[in-house]
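[1] no sequence for this one, just the structure:
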């Protein structure tokens, strides 16, 4: 194992590896006076020392603001606390993008200019109720509350907030994990949607929709599907889970003749099946379903946009639709273990939510078809 080598600059060391050469690190005490060693983007010891000087200079400015610690801690706004949180977590860019989106959409207007120590449980409870009244899903409300809790804990744990300040989110009850969205399509409705998407200005919509309906995959799994993941002869796709806690786990799913034909007809730009040419002329991958999809769905199912979160047809509904078809083609009931394998869940509890929703819909269909007996 490589050892840190000293340089002529105090606090600057480096690791020497065969593949990467010298990787420079700087050592200093952070804002909380804790020893820290940080890798820096430098090609020489001198350059690393210059970066260390910048870090120490910023620390001096911080220390100058801490003359009246109590005044600073009690007047710190939530927006400033979020900025500090954001700067200290730049190593997890994917998560930060989601955090910033939730902060901007659901927390900034209510808490941005508010002193953090003035945020009370009753205020947080108000945010929770407002989001639920607005039709936001239980899952989204839980994510927003969790983000609020994490940011405030960050401030408390790093002595940015008073040590006697209790996180107000800890006294607010989170909504229960929501059942999976109940909207899914019949075979007739799915064919209606696919037929319409064939005429769309964006030809990607048909290919992506057919792929999701045919496999039950998450959008990210289809967006990053590679040609090397396809076995045309064996009629299988190898999907790689992109969710953080399950990242890298593979599962095999059936490759239908229709989907195989679509994939073979696509123009090959690189190793990814669903890569496309963006407006700037560069090859890109889809981060999400193109926005036009919602407008096309509205044309096929008028009023869909105005439905509540549980009944609205969204991209995730295509995943639910797939598993409902598989369950229907078995013995008429949904099997949690079968669903777990198809959808790539790690927990059987997650699959149980789909079972509950599918079986509930089947009961409703029976109720509608049974005659009224006297």
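    Now that the structure is in, tell me what you want to look at. No experiment lies behind these values; they were computed from the predicted model shown. Numbers count the residues shown, from 1 in each chain.

[2] and residue 176, how far is that from residue 137?
    12 Å (C-beta to C-beta, to the nearest Å). Using the backbone N, CA and C atoms, a C-beta is placed for each residue, glycine as well.

[3] try residue 310
    Distance, residue 310 to residue 137, using C-beta to C-beta: 8 Å.

[4] coming back round to it: who's more crowded, residue 176 and residue 137?
    residue 137 (17 against 8; other C-beta atoms under 10 Å).

[5] what about the longest strand in the protein?
    Identified as the longest strand of the chain according to DSSP state E is strand 21-29.

[6] so who does residue 15 touch?
    2, 3, 4, 5, 22, 23, 25 (C-beta atoms under 8 Å, 6 or more residues apart in numbering).

[7] between these, which is closest to residue 109?
    residue 25 (40.8 Å; C-beta to C-beta).

[8] number of nearby residues for the closest one?
    17.

[9] that one pairs with what?
    Judged by DSSP bridges, the bridge partners of residue 25 are residue 13, residue 39.

[10] going forward, the N-terminal residue is numbered 40.
    Understood, numbering begins at 40; the last thing we discussed is residue 64.

[11] doesn't residue 75 make contact with it?
    No - counting by C-beta atoms under 8 Å, residue 75 is not a contact partner of residue 64; they are 10.1 Å apart.

[12] before we move on, the earlier item: quick one, which of the contacts of residue 54 are buried?
    Neighbour counting by 16 or more other C-beta atoms under 10 Å classes 62, 64 among the contacts of residue 54 as buried.

[13] any chance of the contacts of residue 54 in CSV, plus distance to residue 80?
    Below are these laid out as CSV (distance: C-beta to C-beta, whole Å):
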residue, distance to residue 80
41, 19
42, 21
43, 17
44, 18
61, 12
62, 10
64, 11
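
[14] residue 86: which of the contacts of residue 54 is nearest?
    Residue 86 lies nearest to residue 61 out of the contacts of residue 54, by C-beta to C-beta, at 11.1 Å.

[15] who touches that closest one in this structure?
    53, 54, 55.

[16] helix or strand: which one has the residue most central in space within the chain?
    Residue closest to the average C-alpha location in the chain (C-alpha atoms, centre = their mean): residue 137, at 6.1 Å. Using DSSP states H and E, residue 137 sits within helix 132-141.

[17] just how off-centre is the helix or strand just after that helix within its chain?
    Later in the chain than helix 132-141, the nearest helix or strand by DSSP H and E is helix 147-150. Centroid separation for helix 147-150 versus its chain: 22 Å, with C-alpha atoms, centre = their mean, to the nearest Å.

[18] stretch 318-335 too?
    For stretch 318-335, the distance to the chain centre is 18 Å (C-alpha atoms, centre = their mean).

[19] which parts of it are buried?
    Neighbour-count burial for stretch 318-335 [16+ other C-beta under 10 Å]: 325, 328, 329, 332, 335.

[20] contact partners of it?
    Stretch 318-335 is contacted by residues 235-236, 239-241, 243-244, 247-248, 258, 262-263, 308-309, 311, 313-317, 344, 354 when judged by C-beta under 8 Å, 6+ apart.

[21] go on, stretch 81-94?
    Contacts for stretch 81-94 (C-beta under 8 Å, 6+ apart): 46-48, 50-51, 53, 63-65, 67, 77, 79-80.
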